[in-house]
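Engineer: next one to model:
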Amino acid sequence: MSNFRSRVWIWVLIFALSIRAWGAESRPNVFIFLSDDLSYHDIGCYGNPVVKTPNIDALAAEGLRLDACFNSAPMCAPTRMSLYSGIHPVRNGAHPNHSEVYPWVNTLPTYLKKLGYRVGLANKSHFLPKEQFPFEHLEGREHDTGKNGIDFDMARVEAFLSDSKDEPWCFVFASNQPHTPWNRGDASQYDPSAVSIPPYLVDTSETREAMTRYYAEITYMDDQLGQCIRFLDESGESDETLFLYLSEQGSNFPFCKWTCYETGLRSAGIIRWPGQVTAGSVSSELIQYVDVVPTIVEIAGGNALDHNFDGRSFKGLLEGKDYTPNRFAYGVQTSRGIYSGPEAYGIRSIRDDQYRLIWNVNSESAFRNTVTGKLEAYLSWKEQAESGDAFANERFEAYRKRPEYELYDVDEDPFCMDNLAEFPEVRGEFNRLKTGLDRWMEQQGDVGAATEAEALSRMPKRRGE
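Structural biologist: Numbers count the residues shown, from 1 in each chain. Prediction:
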């Protein structure tokens, strides 16, 4: 009998180890490619007829395009720390730029390493403290000035993929483009007279010249993405890899980065996952950056509900199974402490599938940053306004001075140019969204102006000021 029992236990153990091994082998690799300051509409597959993005467009044709994907904060550091933590900026502690998360916050590499993944990152990190983001860093430029040689040795990506074939892996390629100063790539491929100027910007020669340089950096970044996909294909692991492209927050043009308008918070998002995601498909479900880590944790074999995430997994959406979508997407902008910034200019926002409500917490002040002080395209608007151009004057002033509340029908007004906040016929929508925003801020521990006033305490280099 004892021999029989021994044999039974041996077979049980073998079966359990087989199931565990099968589960490990079935878990996909994850490749995340992140742009830097790219407005979602400045990509071919998102409707831009001029910009050259053949590799991103091909990726969309092979995967799922997210048409309602949103970051949590339209600045680099808060966006990345919310993306990697699955927690919105005020609650994770990193709502100002150049700030740090609270000690209790865990992040993507921590979760995935516990699940047996190798986790790497190339180029820009922009998170603190470093030890709470334990990526295997492949070096690269933290900020690219466009000088002193190549941006990144792409062979490092190929080497990471080659060295990781015996284990599941997650790799983040954090491009530095198209962040200013817009001097990578070949701007001569774009004719200033032919570039497309979106309707929320003022059409001046300076705006057009800046757009050619910005587009050139987008194309430069698109080539980086193409090389990453080629390395992945050559590694033989494309079919076992979920590839996620995100455009980060909006560009450094006015009404984009640093704002909670659609062009600040809305992101391009494309997912290729062979055998799971239907090629050429499109989703209009609200997806937030804080949903990404919970989704990856579940795909990697973990349980997102075991962790203190603000986001929710959308694994079911990718697999065509039951999925409860988000009702709202939220955004926060903390301007205290930014370069050339104001004493305080906090912005909070909530969006559903049709409307975006914005609360300018410090609306009595004027907004300012490096755009208002140095961007020639924006400064040229003032000159055009002084020559009698009413639209240029409205746009120049609207970037600096804003009402306390703004409400936009983003279906009809995707660039947030027609403020409906005072219209009685949408008072019900205003009240509903304001209630939702208040509840979210309470859950986040966000007390508005007081939270803005304390922003420097979250920035290690400014703490104590």
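Engineer: what's in contact with stretch 359-379?
Structural biologist: The contact list for stretch 359-379, computed with CB atoms under 8 Å, 6 or more residues apart in numbering, reads 201, 204, 206-207, 209-211, 252-254, 258, 335, 338-349, 396, 399-406, 434, 437, 448-449, 452. Glycine gets a C-beta too; all of them are placed from N, C-alpha and C.
Engineer: could you turn the buried ones of those into a PyMOL selection?
Structural biologist: Buried residues among the contacts of stretch 359-379 (16 or more other CB atoms under 10 Å), as a PyMOL selection:
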select buried, resi 201+204+206+207+209+210+211+252+253+254+258+335+338+341+342+344+345+346+347+348+349+396+399+402+405+406+434+437+452
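Engineer: among the contacts of stretch 359-379, which lie within strands?
Structural biologist: 347-349, 405-406 (DSSP state E).
Engineer: which among those gets closest to Glu262?
Structural biologist: Distance to Glu262 across those (CB to CB) is lowest for Ser349, with 9.7 Å.
Engineer: hey, where'd the helices end up in the stretch 101-250 of the chain?
Structural biologist: 108-114, 155-163, 205-235 (DSSP state H, counting those that start in this stretch).
Engineer: contacts only, for the residue lying closest to Ser125 once chain neighbours are set aside.
Structural biologist: Excluding the flanking residues, the one nearest Ser125 by CB to CB, 6 or more residues apart in numbering is Glu142, at 6.4 Å. Glu142 makes contacts with 123-126, as judged by CB under 8 Å, 6+ apart.
Engineer: how about the helices of the stretch 101-250 of the chain in TSV, adding mean pLDDT and distance to Gly428?
Structural biologist: Putting the helices of the stretch 101-250 of the chain into TSV (pLDDT from 0 to 100; distance: least, CB to CB, whole Å) gives the following:
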stretch	mean pLDDT	distance to Gly428
helix 108-114	98	39
helix 155-163	96	51
helix 205-235	98	38
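Engineer: related to what we said a few turns ago, same list (the contacts of Glu142) but as TSV, adding neighbour count.
Structural biologist: Output for the contacts of Glu142, formatted as TSV (neighbours: other CB atoms under 10 Å):
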residue	neighbour count
Asn123	25
Lys124	24
Ser125	18
His126	20
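Engineer: from those residues, which ones fall inside strands?
Structural biologist: Filtering the contacts of Glu142 for strands - DSSP E - leaves Asn123.
Engineer: tell me which of the contacts of Glu142 is nearest to Leu138?
Structural biologist: Asn123 (8.0 Å).
Engineer: phi, psi for the closest residue to the closest one other than its chain neighbours please.
Structural biologist: Once flanking residues are discounted, Asn123 sits nearest to Gly140: 3.6 Å by CB to CB, 6+ apart. Gly140 adopts backbone torsions of phi 100, psi 170, taken as degrees, to the nearest 10.
Engineer: residues contacting Gly140?
Structural biologist: 122-124, 151-153, 156, 174.
Engineer: tell me the pLDDT at Asp389?
Structural biologist: pLDDT for Asp389: 98.
Engineer: repeat that for Glu139.
Structural biologist: At Glu139, pLDDT is 86.
Engineer: and it, how close does it get to Asp153?
Structural biologist: In this view, Glu139 and Asp153 are 8 Å apart by CB to CB, to the nearest Å.
Engineer: more neighbours, those two?
Structural biologist: Higher neighbour count among Glu139 and Asp153: Asp153, with 14 against 11, using other CB atoms under 10 Å.
Engineer: so who does that one touch?
Structural biologist: Counted by CB under 8 Å, 6+ apart, Asp153 has contacts Gly140.
Engineer: for the protein, which segments count as strands?
Structural biologist: 29-34, 64-70, 118-123, 136-137, 169-174, 241-246, 266-272, 281-283, 287-288, 329-333, 347-351, 355-360, 405-409.
Engineer: redo those strands as JSON lines? Include distance to Val105.
Structural biologist: JSON lines is the format used below for the strands of the chain (distance: least, CB to CB, whole Å):
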{"stretch": "strand 29-34", "distance to Val105": "19"}
{"stretch": "strand 64-70", "distance to Val105": "20"}
{"stretch": "strand 118-123", "distance to Val105": "16"}
{"stretch": "strand 136-137", "distance to Val105": "19"}
{"stretch": "strand 169-174", "distance to Val105": "17"}
{"stretch": "strand 241-246", "distance to Val105": "20"}
{"stretch": "strand 266-272", "distance to Val105": "22"}
{"stretch": "strand 281-283", "distance to Val105": "29"}
{"stretch": "strand 287-288", "distance to Val105": "17"}
{"stretch": "strand 329-333", "distance to Val105": "16"}
{"stretch": "strand 347-351", "distance to Val105": "21"}
{"stretch": "strand 355-360", "distance to Val105": "26"}
{"stretch": "strand 405-409", "distance to Val105": "31"}
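Engineer: for Phe430, which of those strands is the nearest?
Structural biologist: It's strand 405-409; of the strands of the chain, that one is closest to Phe430 (CB to CB) at 5.4 Å.
Engineer: how about Ile218, nearest residue that isn't a chain neighbour?
Structural biologist: Per CB to CB, 6+ apart, closest to Ile218 is Pro178, 4.9 Å.
Engineer: which ones are touching that neighbour?
Structural biologist: By CB under 8 Å, 6+ apart, the contact list for Pro178 reads 35-38, 184, 214, 217-218, 220-221, 251.
Engineer: if you set the cut-off to 7 Å instead, what comes out?
Structural biologist: Contact analysis of Pro178 by CB atoms under 7 Å, 6 or more residues apart in numbering lists 35-38, 214, 217-218, 221, 251.
Engineer: what's the answer for His307, then?
Structural biologist: His307 neighbours (CB under 7 Å, 6+ apart): none.
Engineer: how far away is it from Ser39?
Structural biologist: Going from His307 to Ser39 by CB to CB gives 32 Å.
Engineer: count the neighbours of Gly149 for me.
Structural biologist: 6.
Engineer: many thanks, we can stop here.
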